[in-house]
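Participant: Just need the structure, nothing else, for what follows:
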Amino acid sequence: MILSIESSCDDSAIAITEIATNKLLFHKKISQELEHSVYGGVVPELAARLHAEALPKILQECEPYFKDLKAVAVTSTPGLAVTLVEGVTMAKAIAVALNIPLIGVNHLVGHIYSLFIEKETVFPLTVLLVSGGHTQVMEVKSLTDIKTVAKSMDDSFGESFDKSAKMMGLGYPGGPLIQELAKDGDRLSHNFTVPLHQSPLIAFSYSGLKNAVRLAVEDAGEDKSQYKDIAASFEHIATKHITMKLKKYFKTVRPKTFAIVGGASANLYLRSQIEELLKPHNATLLLSELKYCSDNAAMIGRVGVEMYKQKMFSALDSLDISPKSNI
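Facilitator: Numbering: from 1, shown residues only. Okay, the predicted model is just below:
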């Protein structure tokens, strides 16, 4: 079995995955959303302290599996430096105590493998990763052959939801709150400009749209009844930006199997618009289960299984955290 640890941001999670079958034998996650919601976003130092409390508690529940562990996998990049340290330190201690190999996992690869929790892999595929920290398109042929073909030039898709929600005083995390508010809004009420709509670049940018939302919220003043229309228009344009760039990309690279992963892939409007975009191409759409879209240890364990089979181990003295590493 593989024990896996995830602590890249504000979710403390540990999982146990059976190597031979990919079966998820144990998975527990403790979210910090309530503690961070009062600040409108994640406070790194608070997140680190909460990880230091939560991870040992979850680990105690895993003791019955210790005798069967063959390796320990942990998110080592990218993420918040102070929270990555909590998981990596624990993983190193387990590796030493149980005399088992250590596996450092890229969090972004983990999101790709969230598609394959308790399943066999399906490659090649084109992947859209949308989360609080990343918006990028990748061509994935295997665990070791992943190429990023487009990414955000500034804010990410998920981050723009969080910041827009904060401007409206909705709380954190912003994705579900904006989605719920947008249900009753008019998506065409605000004529927000689609980012980079005249640019030939296959890239993403959300800083301009975020500023447009800020101005709309300021114009609304105390009239919060306008927020549902602002939220709906924002969600529409934020999604249209992605579909327009994907449509441009598909002119040169026809998708056969397409996947959406990451915390923001739970957005139902985004899912529906991608489904429509793929229809003319007869492409297969893969989606993670909603419970595995956000950060979790099960996806880290699924990558850990593949890395274990290929003996992709990390030395104790050389596995360091890398907050801004990408694929």
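
Participant: Show me where the protein has its strands.
Facilitator: Per DSSP state E, the chain carries strands over the ranges 2-6, 11-17, 24-31, 71-77, 102-106, 125-130, 135-142, 145-151, 257-261, 284-287.

Participant: for the ones you listed, which one sits closest to Pro323?
Facilitator: strand 71-77 (7.2 Å; Cβ to Cβ). To be clear about C-beta, it is placed using only N, CA and C from the backbone, and glycine gets the same treatment.

Participant: which residues are in contact with the closest one?
Facilitator: 2-8, 84, 87-88, 90-91, 94-95, 98, 100-107, 110, 300-301, 303-304, 307-308, 313-314, 319-323, 325 (Cβ atoms under 8 Å, 6 or more residues apart in numbering).

Participant: which of the residues in stretch 57-66 are buried?
Facilitator: By neighbour count, with 16 or more other Cβ atoms under 10 Å as the criterion, the buried positions of stretch 57-66 are Ile58, Leu59, Cys62.

Participant: Now the buried members of the contacts of strand 71-77.
Facilitator: 2-8, 84, 87-88, 90-91, 94-95, 100-107, 110, 300-301, 303-304, 307-308, 313-314, 319, 321.

Participant: contacting residues for the spatially closest residue to Pro78 that is not a sequence neighbour?
Facilitator: Spatial nearest neighbour of Pro78, excluding adjacent residues (Cβ to Cβ, 6 or more residues apart in numbering): Ser325 at 4.8 Å. Ser325 is in contact with Thr77, Pro78, Asn106, counting by Cβ under 8 Å, 6+ apart.

Participant: From Thr17, how far off is the first one?
Facilitator: Applying Cβ to Cβ, to the nearest Å, one obtains 20 Å for the distance of Thr77 from Thr17.

Participant: do the last one as well
Facilitator: Asn106 is 17 Å from Thr17, where distance means Cβ to Cβ.

Participant: looking at the strands of the chain, which is buried most?
Facilitator: The highest average neighbour count among those, using mean count of other Cβ atoms under 10 Å, belongs to strand 2-6 at a mean of 30.

Participant: for that one, the distance to its chain's centre please.
Facilitator: With Cα atoms, centre = their mean, to the nearest Å as the basis, strand 2-6 stands 17 Å off its chain's centre.

Participant: Contacts made by that strand with the rest, please.
Facilitator: By Cβ under 8 Å, 6+ apart, strand 2-6 touches 12-17, 19, 29, 55, 62, 65, 69-75, 87, 90-91, 94, 103, 105, 107, 110, 295-301, 304-305, 308.

Participant: could you pull out the helices for the protein?
Facilitator: Assigned by DSSP state H, the helices in the chain fall at 33-37, 44-60, 81-98, 107-113, 157-167, 174-182, 207-220, 227-249, 268-278, 297-309.

Participant: Turn these into a markdown table, columns for mean pLDDT and distance to Ser189.
Facilitator: What follows is the helices of the chain, written out as a markdown table (pLDDT from 0 to 100; distance: least, Cβ to Cβ, whole Å):
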| stretch | mean pLDDT | distance to Ser189 |
| --- | --- | --- |
| helix 33-37 | 91 | 27 |
| helix 44-60 | 97 | 36 |
| helix 81-98 | 98 | 39 |
| helix 107-113 | 98 | 33 |
| helix 157-167 | 96 | 15 |
| helix 174-182 | 96 | 11 |
| helix 207-220 | 97 | 9 |
| helix 227-249 | 98 | 4 |
| helix 268-278 | 97 | 15 |
| helix 297-309 | 98 | 37 |
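
Participant: Next, format those as JSON lines and append distance to Thr284.
Facilitator: Shown next, in JSON lines, are the helices of the chain (distance: least, Cβ to Cβ, whole Å):
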{"stretch": "helix 33-37", "distance to Thr284": "33"}
{"stretch": "helix 44-60", "distance to Thr284": "35"}
{"stretch": "helix 81-98", "distance to Thr284": "34"}
{"stretch": "helix 107-113", "distance to Thr284": "16"}
{"stretch": "helix 157-167", "distance to Thr284": "22"}
{"stretch": "helix 174-182", "distance to Thr284": "25"}
{"stretch": "helix 207-220", "distance to Thr284": "30"}
{"stretch": "helix 227-249", "distance to Thr284": "15"}
{"stretch": "helix 268-278", "distance to Thr284": "8"}
{"stretch": "helix 297-309", "distance to Thr284": "20"}
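
Participant: Identify whichever of those helices lies nearest to Phe258.
Facilitator: Nearest to Phe258, of all these, is helix 268-278, at 5.8 Å by Cβ to Cβ.

Participant: From the chain's centre, how far out is that closest one? Work that out for me.
Facilitator: Using Cα atoms, centre = their mean, the offset of helix 268-278 from its chain centre is 18 Å.
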